[in-house]
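J.: Curious how this folds, go ahead:
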Amino acid sequence: MRRAQIGNAGRPTRLVAGLAAFALSLIFLSCSPLVPHALGNPQTPVQRIATVDLSDEEQAYVDDSPPLRVGITDGAAPLVYVSTKGQAQGIGVRVLDEVALRTGLKVDYHIHSDQASVFASGSDLFPLISPNYIQPGMVLSTPYLVTETVLFMNKSVSGEDLHDKRYAAVGGGVLPVGIDESRVLYYGNREYAIDAVERGLADYGYANAYSIAYLTLKKGYRNLVTVPQGMEERRYSVALYTDDPILLSIINKGLASITDSQMQALILDEASQVERTITIRMIMEQYGVPILLISFLLIVVLVFLSATTIQSAAQLRRQNRRYEALFEISHEYLFEYEPRSRRVVLAPQTIALFASMLRQEKAMEALASVMERVEESTFSSVVDLTVGDGSLRTFRLSIAKVSDSLKRVESYLGKLSDISEDEREKADLRTKVVTDGLTGLLNQVAVREEIEGVLATRPRGRLDFLVLMDCDKFKQVNDTYGHLAGDRFLKNLGESLVSIFGDDTIIGRVGGDEFCVYVPAGDSAESVLDQCNLINPTFQQRIKAPFSVSVGVAPVETGDEYDSLFRRADIALYQIKERGGAAVGRYLPSMGT
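T.: Residues are numbered from 1 along each chain as shown. A predicted model of the protein is given here:
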């Protein structure tokens, strides 16, 4: 729950659809490790330059009214959602907080499970809503956010004819014109609807550009295709649940007091909270032409803003040139730690490395935490820190004591050496050693080591299983379609196994066309067999061909070693192969060892 009071104001503002595209580009570019931050400290509050001029009646309303109940629900990030700490967050919340600060209104946020609960809660306000979700009796403020509508669909769906496809909609809204209601699947919020299309549970839907960009970065969608539609603009306002002219006037004045640049900074700050490393090549491959157009718009906007801050910009450029020269000479970053006060002082080049005040403070907290253990056995000479461009880097820490005449430690001088590239190369090398180059799964050696480690520590009585499978008539695949097609089939089989058995299992390729899955803590033999029965239909759906695999399942027994467990699963597998394959078989003691 938040409360906000008092504030200042500025000239009225209205964001146009172009700023939605601008926000989209900033989200992508701010996450790239190759693009430096140009926005400064993302947590810097919006600058206020005037006081909202309220009438006597409005001021009395502000002074006498109790905190306004603001209802929100999760799942519409970055517009309105619930943070991992259980707090109201999003563009709508930030804007309403800003209005409250400027007008003196007090607001309390109340989180509800879904939109229906919000609408039935008796709240006074909803921080952000578009007209197609308005409920009877609601009154909307002046729109403060305008964004374009984007078509999103599963990559397996052709966008040429969508009339017979499944449409993912959010309950409580108005369907777009031309949507067949018999083909509509309703979900509790926008995030659930987009997730459904990503997973293939629905085929397509429409959403605002902010939510698509935010969730793509947050969840790393791989099966989603987005297409700008040129449909109606989505205009978002503060919603009053009842017609209250005085409150509506106060909110509109608060909104009007936020300048264009202030609103832009506020919205971009909130929309760019997701950090995900994306290379320039990945961005250009998928969004080449739009990025060029958006970059042009970005340049135009930055030039306009630079006109009002040219003196500060010139000073910043001079400082950057000095820092760059220091980086070229030293490639090292210095700091001093005072143990008595637990204070960290950064050298100028180190300040430039972290750029914003927020990242400087976080770096100093991390260094202080490490330095507190400098005399302990748990002290680590390697530390990970987030630098100014948003990327996480690894540094080797070297220290030297500074003592007084009585040899008492007064402080420590520290030096950070960037070893990120070395660590990445080591990680890549480790990955290559244990990974099958074709499928990306564990290779035969790594699978054996992983399973042997689990068997050595497996609790007595836990239900574990080894699933072994072999492609049926795989030679015919290579002979008929060629070895490249055979490789694609193997990769698709590996992806099918990952989608069925998940991350808590050990999945690997143990031969040319042989795969295995170790399932720890299975619910029952029947549940594991049910999962195994999904392998062939899932695999065949991916490859669009009738090729199949044979599967053998063996439960882990007390005292099992890798070879004995593998041999039993192999016996079950070849019992199935002898019966013609394309089925799942469970090992029985009568099969022998």
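J.: pLDDT of the lengthiest strand in the chain, averaged?
T.: Using DSSP state E to define each element, the chain has its longest strand at strand 392-403. Confidence for strand 392-403, expressed as mean pLDDT, is 86.
J.: Show me which positions of it end up buried.
T.: The neighbour-count check on strand 392-403 (16 or more other C-beta atoms under 10 Å) flags Arg393, Thr394, Phe395, Leu397 as buried. (Glycine included, C-beta is placed from N, CA and C.)
J.: can you redo these as CSV with distance to Asp161?
T.: Formatted as CSV, these follow (distance: C-beta to C-beta, whole Å):
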residue, distance to Asp161
Arg393, 48
Thr394, 50
Phe395, 54
Leu397, 60
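J.: which one of the residues you listed sits closest to Leu162?
T.: Distance to Leu162 across these (C-beta to C-beta) is lowest for Arg393, with 44.7 Å.
J.: what's stretch 437-456 in contact with?
T.: 433-436, 464, 466, 487, 490-491, 493-494, 497-498, 506-511, 515-516, 518, 520, 556, 560-562, 565 (C-beta atoms under 8 Å, 6 or more residues apart in numbering).
J.: average pLDDT across that stretch?
T.: 92.
J.: quick one: contacts for the nearest residue to Lys165 once chain neighbours are set aside?
T.: Using C-beta to C-beta, 6 or more residues apart in numbering and skipping residues adjacent in sequence, the residue nearest Lys165 is Asp203, 3.7 Å away. Residues counted as contacts of Asp203 (C-beta under 8 Å, 6+ apart) are Met153, Asn154, Val157, Leu162, Lys165, Arg166, Tyr167, Ala168, Val197.
J.: returning to that earlier point: the buried residues of strand 392-403: which two are farthest apart?
T.: So, those by C-beta to C-beta: farthest apart are Arg393 and Leu397, at 12.5 Å.
J.: what's whichever strand or helix holds Ala352 packed up against?
T.: Secondary structure from DSSP states H and E places Ala352 in helix 348-354. Helices and strands touching helix 348-354, by 3 or more C-beta pairs under 8 Å, 6 or more residues apart in numbering; DSSP states H and E, are helix 310-330, strand 332-338, helix 357-371.
J.: thinking again about what came up before, in helices, which of the contacts of Asp203 fall?
T.: In helices, judged by DSSP state H, the following of the contacts of Asp203 are found: Val197.
J.: Now tell me which of the contacts of Asp203 the prediction trusts least.
T.: Leu162 (87).
J.: Look up the closest residue to that residue, ignoring the ones flanking it.
T.: Excluding its sequence neighbours, the residue lying closest to Leu162 (C-beta to C-beta, 6+ apart) is Tyr204, at 5.7 Å.
J.: So what sits opposite the one you found in the bridge?
T.: Assessed by DSSP bridges, Tyr204 has beta-bridge partners Met153, Tyr167.
J.: got the contact list for it?
T.: Leu151, Phe152, Met153, Asn154, Val157, Gly159, Leu162, Lys165, Arg166, Tyr167, Ala168, Val197.
J.: Of these, just the buried ones, PyMOL syntax please.
T.: Buried residues within these, by 16+ other C-beta under 10 Å, are selected in PyMOL with:
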select buried, resi 151+152+153+154+157+162+165+166+167+168+197
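J.: ok, the residue sitting nearest the centre point of the chain to Phe354 distance?
T.: For the chain, the residue nearest the mean C-alpha position is Lys218 (1.3 Å; C-alpha atoms, centre = their mean). In this view, Lys218 and Phe354 are 24 Å apart by C-beta to C-beta, to the nearest Å.
J.: and what of Val197?
T.: Applying C-beta to C-beta to Val197 and Phe354 gives a distance of 39 Å.
J.: returning to that earlier point: the longest strand of the chain relative to helix 357-371, how many degrees between them?
T.: 60 degrees (axes from the mean of the first three to the mean of the last three C-alpha atoms, to 10 degrees).
J.: any low-confidence regions in the stretch 301-450 of the chain?
T.: For the stretch 301-450 of the chain, applying pLDDT under 70 flags the ranges 313, 316-331, 376-380, 428-432.
J.: pLDDT weak spots in this protein?
T.: For the chain (pLDDT under 70), the answer is 1-50, 230-232, 275-286, 313, 316-331, 376-380, 428-432.
J.: Just give me the longest helix of it.
T.: helix 280-308.
J.: Who are the packing partners of that helix?
T.: Using 3+ C-beta pairs under 8 Å, 6+ apart, helix 280-308 sits against helix 17-31.
J.: How far away from the center of its chain is the longest helix of the chain?
T.: How far helix 280-308 lies from its chain's middle: 22 Å, per C-alpha atoms, centre = their mean, to the nearest Å.
J.: Buried residues, that helix. List them.
T.: Ile283, Tyr287, Ile291, Ile294, Leu298.
J.: ditto for stretch 180-196
T.: So for stretch 180-196, counting by 16+ other C-beta under 10 Å, buried means Tyr187, Gly188, Asn189, Arg190, Glu191, Tyr192, Ala193, Ile194, Asp195, Ala196.
J.: Closest to Glu233 out of those residues?
T.: Taking these together and measuring to Glu233 by C-beta to C-beta, the closest member is Arg190, at 17.1 Å.
J.: that older thread, mind checking which of the contacts of stretch 437-456 are in strands?
T.: Judged by DSSP E, those include Leu466, Ile506, Ile507, Gly508, Arg509, Phe515, Cys516, Tyr518 as members of strands.
J.: Heading C-terminal from the host helix or strand of Arg424, find the next helix or strand.
T.: Applying DSSP H and E as the criterion places Arg424 in helix 420-434. Going down the chain from helix 420-434, the next helix or strand is helix 444-457, by DSSP H and E.
J.: Run the angle between that next one and strand 514-519 for me.
T.: Angle of helix 444-457 versus strand 514-519, following the same axes, to 10 degrees, is 20 degrees.
J.: buried set for helix 444-457?
T.: Result for helix 444-457 [16+ other C-beta under 10 Å]: buried residues Ala446, Val447, Arg448, Glu450, Ile451, Val454, Leu455.
J.: what does stretch 223-234 give?
T.: Buried-residue list, stretch 223-234, by 16+ other C-beta under 10 Å: Leu224, Val225, Thr226, Arg234.
J.: repeat for stretch 369-387
T.: Buried, per 16+ other C-beta under 10 Å, within stretch 369-387: Val370, Met371, Val374, Val383, Leu385, Thr386, Val387.
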